[in-house]
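In: A structural model of the following input is requested.
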Amino acid sequence: MTIDERKSVSTGVIQNLILENRSKLSISGVLDVLSFDDQVVILETELGLLTVKGENIRINKLSIDTSEVIVEGDISSLSYSDKEADKSKGSFMSKIFK
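Out: I've put the predicted structure just below:
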């Protein structure tokens, strides 16, 4: 069983990332676009937060109905972070007033 098969069995979610020539990224399973500019796009997906970094990045297609996003530009990095881990860290202000 591959890592992808284990991930989909444990979560019941299938997500696809298709990167073409490091310039066009198609992503399925997107819940929300949290932030974007010409160097970074942060997406909330069904499997965690996805950060896309590069240069001259733009969102070419955003479909709420199909939960798909197409990002184009000079893509240099893709990284996931776990939604639960981000929530448990808390904000800077919440740490001060503990």
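In: Please, where are all the helices along this protein?
Out: 3-11, 83-89, 92-96 (DSSP state H).
In: Select from these the stretch with the lowest mean pLDDT.
Out: Confidence, taken as mean pLDDT, is least for helix 92-96 of those (a mean of 48).
In: Spell out which residues sit in contact with the spatially most central residue of the chain, please.
Out: Note on the chain: the residue nearest the mean C-alpha position is residue 50, at 2.2 Å, using CA atoms, centre = their mean. When contacts are counted by CB atoms under 8 Å, 6 or more residues apart in numbering, residue 50 is found next to 17, 27, 42, 43, 44, 78, 79, 80. C-betas here are computed from N, CA, C, even on glycine.
In: Identify the bridge partners of residue 50.
Out: residue 43, residue 80 (DSSP bridges).
In: Can you check the pLDDT for it?
Out: pLDDT, residue 50: 96.
In: so how far is residue 60 from it?
Out: 16 Å (CB to CB, to the nearest Å).
In: So what's the residue count around the closest residue in space to residue 20 that isn't next to it in sequence?
Out: Closest residue in space to residue 20, ignoring its immediate chain neighbours: residue 26 at 7.8 Å, by CB to CB, 6 or more residues apart in numbering. By other CB atoms under 10 Å, the residues close to residue 26 number 16.
In: do residue 25 as well
Out: Neighbour number of residue 25 under other CB under 10 Å is 22.
In: go on, the one 10 residues further on?
Out: By other CB under 10 Å, the residues close to residue 35 number 9.
In: Specify the beta-bridge partners of it.
Out: Applying DSSP bridges, one finds that residue 35 bridges with residue 42.
In: Could you check how far it is from residue 62?
Out: 14 Å.
In: what's the first-to-last distance across stretch 60-74?
Out: This stretch, stretch 60-74, spans 13 Å end to end (CA to CA, to the nearest Å).
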